[in-house]
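In: how would this look folded up:
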Amino acid sequence: MCRITGIVNLEKNRNSNFKEIIKMRDSMVHGGPDDEGLYIDKDNGIALGHRRLSIIDLSPLGHQPMCTEDGNIWITYNGEVYNFLEIRKDLQALQYTFTSHSDTEIILKAYQKWGEEAFKKLIGMFAFCLYDKKRGLIYLVRDHAGIKPVYYSISNDNLIFASEVKVFRTFNREWEENPDWKTYFLIFGHMPEPYTTLKDVYMLPKGSFFKFDLKTKKYSICEYESIKFTDEIRNSEDAVSGIRDLFTKAVQRHLISDAPIGVFLSGGIDSSLIALVASQFQGERLRTLSIVFNEKEYSEERYQNLIADKIHSKHRAYLVTEKDFINHLDDIFSAMDQPTVDGINTYFVSKCAKEEGLKAVLSGLGGDELFGGYPSFQRIDKVWFLRKSNLKVFFNLFKYLKNDKFKKLSFLGIDNPLKYYLFFRGLFSVDTTARILEISGKEIEDVLKRVYIEDGYGMGSKNFVYLLESDLYMKNQLLKDIDFMSMRHSVETRVPFLDKEFTTFIFSIQENIKFGDSMPKGILLKAFRDILSSEIGSRKKMGFTFPFEAWIKNNIHIFADYLPHNDKTVSEILKGFMEGRLHWSRLWSLIVMTKWMKNRF
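Out: Okay, here's the model as predicted:
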């Protein structure tokens, strides 16, 4: 896991590339403290930067940017390719030789042999830049699920890219803001891809590559992986067997490391399952870590210990207190590469992992999306009929209500497939957002039209919810938060549930088999019923939640200073929160937004 950046400057004045690339690279030292690297091609205006977090092949042979023996193909790479040993064997059979044991060299040689087709062969999480000097091509490539980020901006035939949005402000402190970022943030609680807080800075779509021809100065974005739902698996026994076999294989893959690795054990189904499967390969060497609280209603210590004791792992529980939250506020805000209402939990988990001496941690993220663990999978059938109805005027009436829960019904009046997601997870209604930002509701609805999501026609309701939860919530919020919060502490977070082979198999299971059980995640529980106790499997979903509401209320004198003053709408929101009528995330979003505007991170 690393941090990457680069400049492609096709204009005449290229001498500044060297100075700029060093500043950009070293602004991300937290994500790559173990090594630094540069590649400069002055003749062609190419500058590539790399910060390394050494996890596979810890020797200097893993140094980046890396090139092929002939010096024609260069790479700066962030991520892990878990099947690199299999690809290495295939290439060795074709007479390719290797000087390192790194997965980085595998990508170089795979591209050298198969060109763009090589991207499809990679199983892992990654974002990298390839410079094919001989052919005059620059590639930016992102993994199938969008686990690792890469942002880019192209103008005047010049390209800038980086693992973090803040790097663009390092390149140019006066980089213009995206005028719509506050609208996106207050509606979603995050920045929906491809948009960012900066003008003309975009996230590369998942499963895609950006191709820039240096000779013609033309570029394109090509999709090489996509989600395809099929009914190929129509037998429950085949589905259960496949889930067990492929998930076990996925966990084994994700344990590949030359540096200390562990499992984050929250006490829920997904992380417990990862720990149980991982123990089959690491036994009592397995290291697990958990977060506990003084507030017992939020602490899952009992369930964490249940699993840790069963597998005899080297377990460590970390107590996170209200005082810790307040004392680390400034660093939490600094760690945010983009504004978000989430991510604080990952900040502390990663901090604890670093204190434990771990370089990488396995997380249970993705299980809820794949197997229907969220309430949205049950609620969709109550509103699914709306795709064929025209009740916009009716639902727009709900914006006049004061009750926040009923007010969310107004999202269903939006003429956009996003209405379902916003009904489930929208932060502020269009009306409230308009009042906070002092703009019209029409302006907000026009901004929302730019966020693409499939309309759901031709697929079942539960598969549609998967798309909503994975392409909007997981990809835009959870994965981004995990990336920048964990890398703040130089810790890599791995997500076995998003393994490419495993998810491809899940997408091939008939919908009524995959989600047909009366219990959420029923088919996953069946696949591992012999190792996952009923006490864990049948417990009510809690989610990895901190006592934020109490902590914010107890320190409201601090947070009130972060809020806009003398604003009636903001005062109403603050009052609603203090009276328990408004979820803490809504007030927190105003705090984050105001802090962001003030600091211009």
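In: can we go C-alpha only for contacts and neighbour counts from here?
Out: Noted.
In: immediately after the longest helix that the chain contains, which helix or strand?
Out: Using DSSP state H, we find that the single longest helix of the chain is helix 236-254. Using DSSP states H and E, the helix or strand that follows helix 236-254 in sequence is strand 261-264.
In: what angle sits between the helix or strand just after that next one and helix 236-254?
Out: Once strand 261-264 ends, the next helix or strand along the chain (criterion: DSSP H and E) is helix 269-282. Going by axes from the mean of the first three to the mean of the last three Cα atoms, to 10 degrees, helix 269-282 is angled at 60 degrees with respect to helix 236-254.
In: hmm, who's touching the next helix or strand after helix 269-282?
Out: Per DSSP H and E, the first helix or strand lying C-terminal to helix 269-282 is strand 287-292. For strand 287-292, the surrounding residues in contact (Cα atoms under 8 Å, 6 or more residues apart in numbering) are 261-266, 275, 298-301, 304, 308, 313-320, 349, 352-353.
In: ok, now stretch 563-580?
Out: Contacts of stretch 563-580 (Cα under 8 Å, 6+ apart): 432, 435-436, 553, 582-584, 586-587, 590-591, 594.
In: how about 6 Å then?
Out: Contacts to stretch 563-580, defined as Cα atoms under 6 Å, 6 or more residues apart in numbering, come from residues 582, 591.
In: and the residue nearest the centre of the chain, what element?
Out: Central residue of the chain (Cα atoms, centre = their mean): residue 479, 1.2 Å from the mean position. If you go by DSSP H and E, residue 479 is part of helix 479-488.
In: which elements pack onto the next helix or strand after that helix?
Out: On the C-terminal side of helix 479-488, the nearest following helix or strand under DSSP H and E is strand 492-494. When contacts are defined as 3 or more Cα pairs under 6 Å, 6 or more residues apart in numbering; DSSP states H and E, strand 492-494 packs onto strand 360-362.
In: can you pull the buried residues of the strand it packs on?
Out: For strand 360-362, a neighbour-count test (16 or more other Cα atoms under 10 Å) marks 360-362 as buried.
In: over to stretch 104-113?
Out: 104-112.
In: do stretch 113-126 as well
Out: 116, 118-119, 122-126.
In: so which of those sit within strands?
Out: 124-126 (DSSP state E).
In: output those residues in CSV, with pLDDT and distance to residue 78 appended to each entry.
Out: As requested, these are exported to CSV (pLDDT from 0 to 100; distance: Cα to Cα, whole Å):
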residue, pLDDT, distance to residue 78
124, 97, 11
125, 97, 8
126, 98, 6
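In: wait, which of those residues is closest to residue 242?
Out: residue 124 (19.5 Å; Cα to Cα).
In: could you list which residues are in contact with the closest one?
Out: 80-82 are the contacts of residue 124 under Cα under 6 Å, 6+ apart.
In: now it: closest residue in space that isn't a chain neighbour?
Out: residue 81 (4.4 Å; Cα to Cα, 6 or more residues apart in numbering).
In: how far away is the nearest residue to residue 532 once chain neighbours are set aside from residue 531?
Out: Nearest residue to residue 532, sequence neighbours excluded (Cα to Cα, 6+ apart): residue 273, at 6.8 Å. Taking Cα to Cα, to the nearest Å as the measure, residue 273 falls 8 Å from residue 531.
In: check residue 292 too.
Out: From residue 292 to residue 531 the distance is 24 Å (Cα to Cα).
In: between these two, which one's more packed in?
Out: residue 292 (19 against 12; other Cα atoms under 10 Å).
In: quick one: secondary structure of residue 348?
Out: Using DSSP: H, G, I helix; E, B strand; the rest coil, the structure places residue 348 in helix.
In: hmm, I was thinking of residue 49
Out: Strictly by three-state DSSP, residue 49 counts as strand.
In: do residue 97 as well
Out: Under three-state DSSP, the three-state class of residue 97 is coil.
In: now do it, the pLDDT please.
Out: Predicted confidence (pLDDT) for residue 97: 94.
In: equivalent analysis for residue 182, please.
Out: 97.
In: do residue 157 as well
Out: 79.
In: then residue 481?
Out: 96.
In: now swap in the one 5 residues further on and tell me
Out: Residue 486 is assigned a predicted lDDT (pLDDT) of 96.
In: domain-wise, how is the protein divided?
Out: Listed domain ranges for the chain are 2-165+201-223, 227-601 (source: automatic domain parsing).
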